[in-house]
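Student: output the structure for:
(chains A, B, C and D)
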Protein chains: 2
Amino acid sequence: MPKLGMEPIRKEALVKATIVEIGRVGSLDVTVSQIAKRAGMSSALAHHYFGSKEEMFLAAMRHIMTLYGAEVRGALSVAEGPEGRIRAILRASFSPGNFRREAVGAWLNFWVLAQTVPAARRLLAIYQGRLRSNLVSALRPLAGDRAEGIAESLGALIDGLYLREVLKSGAPDGAAAVELALRHLEAELKRGAV
Amino acid sequence: MPKLGMEPIRKEALVKATIVEIGRVGSLDVTVSQIAKRAGMSSALAHHYFGSKEEMFLAAMRHIMTLYGAEVRGALSVAEGPEGRIRAILRASFSPGNFRREAVGAWLNFWVLAQTVPAARRLLAIYQGRLRSNLVSALRPLAGDRAEGIAESLGALIDGLYLREVLKSGAPDGAAAVELALRHLEAELKRGAV
DNA sequence: TTTTTTGTTGATTGACGAGTCAATAAACTT
DNA sequence: AAGTTTATTGACTCGTCAATCAACAAAAAA
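Tutor: Numbering: from 1, shown residues only, chains lettered A, B, ... in the order given. All right, here's what the predicted structure looks like:
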């Protein structure tokens, strides 16, 4: 039965199952057995490949960040002009994918995890650093040396809008969030122009 | 031994202990025994008064919101002028108390809870509604009919800044967050003035 | 062909935890 | 004084779960 080269396949299946289960339960209170079952293997095998549940969470976190990063890069690659690049980042940040149950569960719970697990905090810092550098490079032509400050508030606004869309009752509205963020940007630019 | 009228005293002790324990552990993975021990009683008594752990969490959540509400009201009561009132709300939102371990743990975990527990979601909605109405009433004299829109983005910015301050490594800087939010407000007002 | 490496699981361990219950005791009521 | 309500806990039930282990299977290496 055993086919060789299963490790990456199994790991990927486990990572995806982890994210789905966190989304389904809404917390990190998922059992290794649940995850393993969804990934189509025994819990012993999950432990064999990841060693511990925490390692599985961190791998899942990396995967979520990678997905988001890819989404941003993809949107940036077809964007034109500085404002187009900002729009691209915003649209990627508020894309329907990020409002799916699994993504929401992942983000909220990873924030909780980052409180106490240094590795998780580091991952978040990397993600924020990348977002920030993308924003700054797009803002530079528009705002000059005020790019850093605007990137900071815009980044915070993105997180805050995401949080609110996700926790409000009713369907989240990504497009509205994009518009609101763009209005903020416009205001900041105008303020600097005087 | 038993003195009468213990119920409110015990409940209050349990609520406070719940918040402290959530902050200490960083997650909702706290046991009723831990909480009861910190509150100086047996776990059976905790169950006697609250029935279930979830009820304890909700009571703790209500307590945190009440504290925050009181802080805002207190700051508003001595504020002068519309801009002073905005400043007061911001300072209360980014006060040192809100950056204490317990408060941070409470907020992050309550967001997670709000995903799946309707009662928690309702509580958050109430808090957001109050914040919003405070912001709108302070903004009205400054921004007229644009008050609602600005309140929305300012509210999101508050949440986002809080999240970032709380998750970044190093000591949180509430004053910087206040300044950043005020700059955003100024930009929005200027934008409307033209 | 023996040996080693890789894949895989059922069964088990050892620990922990939410919620219940019976029992005890003090205070308050009638 | 007898009965009721309120306070309180130790002991217990019943369940769960992370992690380990022994054992088996197949492919690759020797």
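
Student: which residue does chain A have closest to DNA strand C?
Tutor: Here the residue of chain A nearest DNA strand C is residue A:44; by Cβ to the nearest atom of the strand that distance is 3.1 Å. Any C-beta I mention is one placed from the backbone N, CA and C, and that applies to glycine too.

Student: contacting residues for that residue?
Tutor: By Cβ atoms under 8 Å, 6 or more residues apart in numbering or on different chains, no residues touch residue A:44.

Student: ok, now how distant is it from residue A:10?
Tutor: According to Cβ to Cβ, to the nearest Å, residue A:44 stands 12 Å off from residue A:10.

Student: buried residues, the helix or strand of chain A with the lowest mean pLDDT. List them.
Tutor: Least confident element among the helices and strands of chain A, by mean pLDDT, DSSP states H and E: helix A:174-193 (a mean of 92). By neighbour count on 16 or more other Cβ atoms under 10 Å in any protein chain shown, the buried set for helix A:174-193 is A:174, A:177, A:178, A:180, A:181, A:184, A:185, A:187, A:188, A:189, A:191, A:192.

Student: stretch A:87-104 too?
Tutor: Residues A:87-95, A:98-99, A:102-104 are the ones in stretch A:87-104 that count as buried (16+ other Cβ under 10 Å).

Student: hmm, residue A:49 and residue A:7 touching each other?
Tutor: Yes - here residue A:7 lies in contact with residue A:49, judged by Cβ atoms under 8 Å, at a distance of 6.5 Å.

Student: which of the buried residues of stretch A:87-104 fall in helices?
Tutor: In helices, judged by DSSP state H, the following of the buried residues of stretch A:87-104 are found: A:87, A:88, A:89, A:90, A:91, A:92, A:93, A:102, A:103, A:104.

Student: and the two most separated of the buried residues of stretch A:87-104?
Tutor: A:87 and A:102 (25.6 Å; Cβ to Cβ).

Student: and the residue of chain A found nearest chain B, what element?
Tutor: The nearest approach of chain A to chain B comes at residue A:160, 2.7 Å away (Cβ to the nearest Cβ). Using DSSP states H and E, residue A:160 falls within helix A:147-167.

Student: that helix - contacts with which helices or strands?
Tutor: In terms of contacts (3 or more Cβ pairs under 8 Å, 6 or more residues apart in numbering or on different chains; DSSP states H and E), helix A:147-167 is packed against helix A:81-93, helix A:101-116, helix A:118-143, helix A:174-193, helix B:101-116, helix B:118-143, helix B:147-167, helix B:174-193.

Student: a markdown table for these, including distance to DNA strand C?
Tutor: What follows is those, written out as a markdown table (distance: least, Cβ to the nearest atom of the strand, whole Å):
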| stretch | distance to DNA strand C |
| --- | --- |
| helix A:81-93 | 34 |
| helix A:101-116 | 16 |
| helix A:118-143 | 22 |
| helix A:174-193 | 36 |
| helix B:101-116 | 14 |
| helix B:118-143 | 15 |
| helix B:147-167 | 25 |
| helix B:174-193 | 33 |
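
Student: now those helices as a markdown table including distance to residue A:25?
Tutor: Shown next, in a markdown table, are these (distance: least, Cβ to Cβ, whole Å):
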| stretch | distance to residue A:25 |
| --- | --- |
| helix A:81-93 | 25 |
| helix A:101-116 | 8 |
| helix A:118-143 | 18 |
| helix A:174-193 | 24 |
| helix B:101-116 | 8 |
| helix B:118-143 | 15 |
| helix B:147-167 | 22 |
| helix B:174-193 | 33 |
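
Student: out of the ones you listed, which gets nearest to residue B:14?
Tutor: helix B:101-116 (14.2 Å).

Student: now that closest one: buried residues?
Tutor: B:102-115.

Student: turn these into TSV, columns for pLDDT and distance to residue B:68.
Tutor: Listed next are those as TSV, based on pLDDT from 0 to 100; distance: Cβ to Cβ, whole Å:
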residue	pLDDT	distance to residue B:68
B:102	97	13
B:103	97	8
B:104	98	13
B:105	98	14
B:106	97	10
B:107	97	9
B:108	98	14
B:109	97	15
B:110	95	11
B:111	97	14
B:112	97	18
B:113	96	16
B:114	96	15
B:115	96	20
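
Student: those: which ones sit near chain A?
Tutor: B:104, B:105, B:108, B:109, B:111, B:112, B:114, B:115 (Cβ under 8 Å from any Cβ of the partner chain).

Student: residue A:32 contacts residue A:45, doesn't it?
Tutor: No - taking Cβ under 8 Å as the definition, residue A:32 is not a contact partner of residue A:45, at 10.0 Å.

Student: neighbour-wise, which of those two wins?
Tutor: Between residue A:32 and residue A:45, counting by other Cβ atoms under 10 Å in any protein chain shown, residue A:32 is the more crowded of the two (19 against 15).

Student: what two of the ones next to chain A among the buried residues of helix B:101-116 are the furthest from one another?
Tutor: The distance between the two most remote of those (Cβ to Cβ) is 18.1 Å, for B:104 and B:115.

Student: quick one: what helix or strand has the residue of chain A closest to DNA strand C in it?
Tutor: Assigning secondary structure by DSSP H and E places residue A:44 in helix A:43-50.
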